[in-house]
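Student: For reference, the sequence and a predicted model appear below.
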Amino acid sequence: MSKPKVVLTRKWPAIAEAKAQAMFDVVLNENDQKLSVAALKEALRTADAVCPTVSDFQIDKEILSVAGRKCKILSNFGVGYNNIDTVAAKAAGVVVTNTPEVLTDCTADVAMGLLLAVARRLGEGERLVRNKQWDGWCPTHMLATKVTGKKLGCIGFGRIAQAVAQKAHFGFGMEIIFYDPYPPATAVIKKFSATQKDAVEDVLKDSDFVTLHCPGGGANTHLMNADRLGMMKTSAFLINTARGDVVDEQALVQALRDGVIRGAGLDVFAQEPTVTEALLSMENVVLLPHLGSATTETRVAMGLRSLANVEAFFSGNEPGDRVA
Ligand code: DGY
């Protein structure tokens, strides 16, 4: 039997591409250019499986409706799958999978890194040194906010939030509070001595740091709007490693300018790779280019997980990470 044809929409780490080549009839994206809508349509028309990712054009109803579509599974390279219209995929009978778990720790590391960097003014300090503007230690130089022992509010308390809580609670003695419409088991809550709140707003009012761990899109778009930013403490910091659209960037700029909150650490943006211009010149924000899962170990694991889902599907089994 011939191998299923599989299109990878972007370049993957070499180990994962080699594995893909061993398993399937693979089309790689050697020059790593973002596929056009026409190219995505062609991929869905000609391949049995497509492995898209967060930076692709959204695979929507129009793309899924391409005449003569052969593709039966969209095996997303990434845990977040807002780059796929899952309702349209389901209606078209196309299976959708993602790559959870393998990126949990690395994404949590970046959330914790942003939290530390913005609270302790590390980006600002580094710029000072690089710009040769540091004129020496003194007792009042660049005083910042202590992290240890502070209260961390998690919006969403799934795998990544729990991994952040692990580091924050056991590493930095932070108190954990959270809101999640689908809370974890009581044993998980107990493990972190965490406090479950009834609403997002209750977390915002009470936290020294707020870290976002909810999916993007739908009702979560602009969840952090001017009103909710206004509920945070003026001394608090916002951390976003989830999806950019969860934060209203204009409202965030205004909140940072007006001292509504003290700072923000952002790994994701609404219009990646474009970043709202005003943020670029602000000292009280730390900005990263969507690095959450960006370690060699994790990106290889994401590729292998995506391939395992494709393999399960074509072996007649239920893919382990089916989301639609
Ligand atoms: C994810 O897996 O969702 C990361 O943000 C990369 O897409």
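Tutor: Sure, I can see it.

Student: Please give me every residue in contact with Leu64.
Tutor: Taking Cβ atoms under 8 Å, 6 or more residues apart in numbering, we find Leu64 in contact with 44, 85, 88-89, 92, 94. C-betas here are computed from N, CA, C, even on glycine.

Student: As TSV, those residues with neighbour count and secondary structure would be great.
Tutor: Converted to TSV, those look like this (neighbours: other Cβ atoms under 10 Å; DSSP: H, G, I helix; E, B strand; the rest coil):
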residue	neighbour count	secondary structure
Leu44	25	helix
Asp85	21	coil
Ala88	18	helix
Ala89	23	helix
Ala92	17	helix
Val94	21	coil
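
Student: Going by distance to Ala236, which of these wins?
Tutor: Ala236 lies nearest to Asp85 out of the contacts of Leu64, by Cβ to Cβ, at 34.7 Å.

Student: closest to the ligand among the contacts of Leu64?
Tutor: Asp85 (16.1 Å; Cβ to the nearest ligand atom).

Student: how about the nearest residue to the closest one, chain neighbours excluded?
Tutor: The shortest distance from Asp85 to any non-neighbouring residue, by Cβ to Cβ, 6 or more residues apart in numbering, is to Asp60 (4.6 Å).

Student: Quick one: name the residues of the protein near the ligand.
Tutor: Counting by Cβ under 6 Å from any ligand atom, the residues of the chain lying close to the ligand are 54, 78-80, 103, 292-293.

Student: Most neighbours out of those residues, which is it?
Tutor: Ser293 (27 neighbours; other Cβ atoms under 10 Å).

Student: Return the nearest residue of the stretch 101-250 of the chain with respect to the ligand.
Tutor: Counting by Cβ to the nearest ligand atom, the stretch 101-250 of the chain gets nearest the ligand through Leu103, at 5.4 Å.

Student: mind listing the helices for the stretch 101-250 of the chain?
Tutor: Along the stretch 101-250 of the chain, counting by DSSP state H, counting those that start in this stretch, helices occupy 104-119, 122-130, 159-165, 172, 186-191, 200-206, 226-231, 249-257.

Student: Pick the most deeply packed of these.
Tutor: helix 159-165 (a mean of 25; mean count of other Cβ atoms under 10 Å).

Student: Next one: Thr104 from Ala163, what distance?
Tutor: Distance, Thr104 to Ala163, by Cβ to Cβ, to the nearest Å: 5 Å.

Student: what's the burial count for Thr221?
Tutor: Thr221, neighbours per other Cβ under 10 Å, totals 16.

Student: which ones are touching Cys154?
Tutor: 161, 164-165, 176-180, 203, 211, 213.

Student: Grab the nearest non-local neighbour of Leu8.
Tutor: Per Cβ to Cβ, 6+ apart, closest to Leu8 is Cys51, 4.9 Å.

Student: My error: substitute Gly171 in the last question.
Tutor: With sequence-adjacent residues excluded and distances taken as Cβ to Cβ, 6+ apart, Gly171 is closest to Met112, at 7.9 Å.

Student: and what of Gly153?
Tutor: Closest to Gly153 by Cβ to Cβ, 6+ apart is Ser207, at 3.0 Å.

Student: can you check Ala264 too?
Tutor: Per Cβ to Cβ, 6+ apart, closest to Ala264 is Leu238, 4.5 Å.

Student: tell me the contacts of Gln192?
Tutor: Rather than Gln, residue 192 is Phe. 162, 165-166, 169, 176.

Student: Quick check: the closest residue to Gly68 other than its chain neighbours vs the ligand, distance?
Tutor: Leaving aside its sequence neighbours, Gly68 sits nearest to Arg45 (Cβ to Cβ, 6+ apart; 5.5 Å). Going from Arg45 to the ligand by Cβ to the nearest ligand atom, to the nearest Å gives 25 Å.
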